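*Asks:* Show me how the following folds:
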Amino acid sequence: MTGLAERISLERDERGGVTVHLDGAPQSHVQLDDPTVLVFEYVQHLALAIDTCAPAPAPERLAVTHVGGGGLTLPRWVEATRPGSPQIVLEPNVALTELVRRELPLPRRHRIRVRAQDGLTGIRGLGTDSAQVLVTDAYAEGRIPAELSSAAYVREVARVLQPGGTALWNLADEPGMRYTARVLATIGAALPHLALIATHEVLKRRRFGNSVVVASARPLPEDELRREVARANLPTGLRTGTDLVRVIAGARPLDDAGLPSPPAPDASGWRVV
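*Replies:* Below is the predicted model:
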């Protein structure tokens, strides 16, 4: 079906799931009858990081801010696992939000509030120490906007996080991971404790793909992260400590202008043989 703009569409599958497409590319997947079902690998990694690193374990409530809304998959998961959690979603695409609200309604008595703002503008308007978890998962025309990797944005994220809070970024990059390395160097200047989660193929630099950055002002529970990554449904790896230093080595932190992520290749360019 076609949404409120030609570039937005919903595709339903035989299992009751719905994939949201933007410009023909899958953007998010929603399982209305069970929001704990997460199909996209990077969303599974975001959820794993929240479960492992968040200040409050399930089923305690979490104050979560999401930069990027899409089908509201992760906010639905947070609500399902930690009912009543206050959540703010910054999503500037009003047509997308209206379509999702109408066709993929949110659960009753949720506390998910969607604001029609871009990430940097919205974050600047949030109170200091207002989020326990802050997730950045936003794309425009298939790329992460430059502002969401900028030093200015990272400083605002660090300000909004509560002491001991956790910030997460979903990054997409080419096999060389040069963009990821620069973003990690930028984040580390404000939130020095870092980890990187991705499938083995992405971490071994064999294909274009997504990785999840976990960042905090406090030490991360690396042993617990390693155990949960080992239990992941997909072959998943973790980079911390000296392994992560090797990823970042030589990378120049980004300035306040930031840098957009590399464009995704066509299907034939996703793997390095």
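*Asks:* Go ahead and confirm Leu244 touches Ile197.
*Replies:* No - contact criterion Cβ atoms under 8 Å: Leu244 and Ile197 do not qualify, at 11.0 Å. Glycine gets a C-beta too; all of them are placed from N, C-alpha and C.
*Asks:* got any ranges where the stretch 1-150 of the chain has weak pLDDT?
*Replies:* By pLDDT under 70, the weakly predicted segments of the stretch 1-150 of the chain are 1-6.
*Asks:* how about the strands in it?
*Replies:* Remark: strands assigned in the stretch 1-150 of the chain by DSSP state E, counting those that start in this stretch are 8-12, 17-22, 25-31, 64-67, 87-90, 112-115, 131-136.
*Asks:* where in the stretch 151-273 of the chain is pLDDT low?
*Replies:* Applying pLDDT under 70 to the stretch 151-273 of the chain flags residues 267-273.
*Asks:* can you give me the strands for it?
*Replies:* In the stretch 151-273 of the chain, the strands defined using DSSP E, counting those that start in this stretch lie at 161-173, 193-199, 209-216, 236-239.
*Asks:* Need those in a markdown table (columns: distance to Pro92 and mean neighbour count).
*Replies:* Shown next, in a markdown table, are the strands of the stretch 151-273 of the chain (distance: least, Cβ to Cβ, whole Å; neighbours: other Cβ atoms under 10 Å):
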| stretch | distance to Pro92 | mean neighbour count |
| --- | --- | --- |
| strand 161-173 | 17 | 22 |
| strand 193-199 | 27 | 23 |
| strand 209-216 | 21 | 24 |
| strand 236-239 | 31 | 21 |
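*Asks:* For those, give me CSV that also has distance to Ala80.
*Replies:* Output for these, formatted as CSV (distance: least, Cβ to Cβ, whole Å):
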stretch, distance to Ala80
strand 161-173, 18
strand 193-199, 21
strand 209-216, 20
strand 236-239, 22
